[in-house]
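*Asks:* Structure for the following, please:
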Amino acid sequence: MNLFSGRGLVCIRGERQVFANLAFDLAPGGALLLSGPNGSGKSSLLRLMAGLLRPAGGTLMWDGAAVADDPETHRGRLRYVGHLTAVKPVLTATENVAFWARQAGAGPADVDRALTGFALTPLAHVAGRLLSSGQRHRVALARLLAAPGDLWLLDEPSVGLDQASLAHLSTAIAAHRAAGGRVAVATHTPIDMPGAQTLSLAEFASAAPVAEGSGW
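*Replies:* Okay, here's the model as predicted:
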């Protein structure tokens, strides 16, 4: 089976080892829910998965091959939405989504579908600077539909969303999984993801100090 997996992952921040010996498997159509208190390393793990941080130990693999051996290919198959929306204030909602779509070779039809998927059509021509924080977050999430990728990495995707927008997010995740995509989510707000695995970061926590000279 084509798995995205981690083995023996170690994360170090400053002088603290956040987690160690962490392992996971994420199959096509699968969902991984990251749980744990603030500071347990949920965001750091997502950034490791995205290649934005390097693990201090362990290996990330895709279909048995080390991600580190071909990071460019790995970046091309994932979509990461973090705390910062990256919505350009001078561009409209449509222009922001179109920018991400072009990076993936998608076209206007994909942009329209993404706007519709997150109920952004009425805001299509509104500049980013005039959008509320929740609306900007929906624009950021719309990139998932406008520029599809196999792996979605979502860090607190429900922040600022009302119940209707949460429903749109759940629908998008369900459709992505049904098509064979996979998703890893860190959230404190329940999101409807039937059959999702839960990975408790607290189980891999370590209070051990890092030896002098160690780091990322």
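*Asks:* mind listing what the residue nearest the centre of the chain touches?
*Replies:* Geometric centre of the chain, nearest residue: residue 153, 1.7 Å, by CA atoms, centre = their mean. By CB atoms under 8 Å, 6 or more residues apart in numbering, the residues touching residue 153 are 46, 49, 50, 78, 79, 80, 81, 183, 184. (C-beta placed from N, C-alpha, C; glycine too.)
*Asks:* Next, the buried residues of the strand or helix carrying residue 99.
*Replies:* Under DSSP states H and E, the secondary-structure element containing residue 99 is helix 93-103. Buried residues in helix 93-103, counting neighbours by 16 or more other CB atoms under 10 Å, are found at 93, 94, 96, 97, 98, 99, 100, 101.
*Asks:* List phi and psi for the residue lying closest to residue 2 once chain neighbours are set aside.
*Replies:* Counting by CB to CB, 6 or more residues apart in numbering, residue 2 lies nearest to residue 63, which is 4.6 Å off, once chain neighbours are set aside. Main-chain dihedrals, residue 63, degrees, to the nearest 10: phi 50, psi 40.
*Asks:* Quickly note the distance from residue 63 to residue 47.
*Replies:* Distance from residue 63 to residue 47, counting by CB to CB, to the nearest Å: 22 Å.
*Asks:* So which of these two has more stuff around it?
*Replies:* Just comparing residue 63 and residue 47: by other CB atoms under 10 Å the higher neighbour count belongs to residue 47, 18 against 9.
*Asks:* The closest residue to that one other than its chain neighbours: helix or strand, and which one exactly?
*Replies:* Counting by CB to CB, 6+ apart, the nearest residue to residue 47 once its immediate chain neighbours are dropped is residue 53, at 4.4 Å. Using DSSP H and E, residue 53 is not contained in any helix or strand.
*Asks:* Thanks a lot, see you next time.
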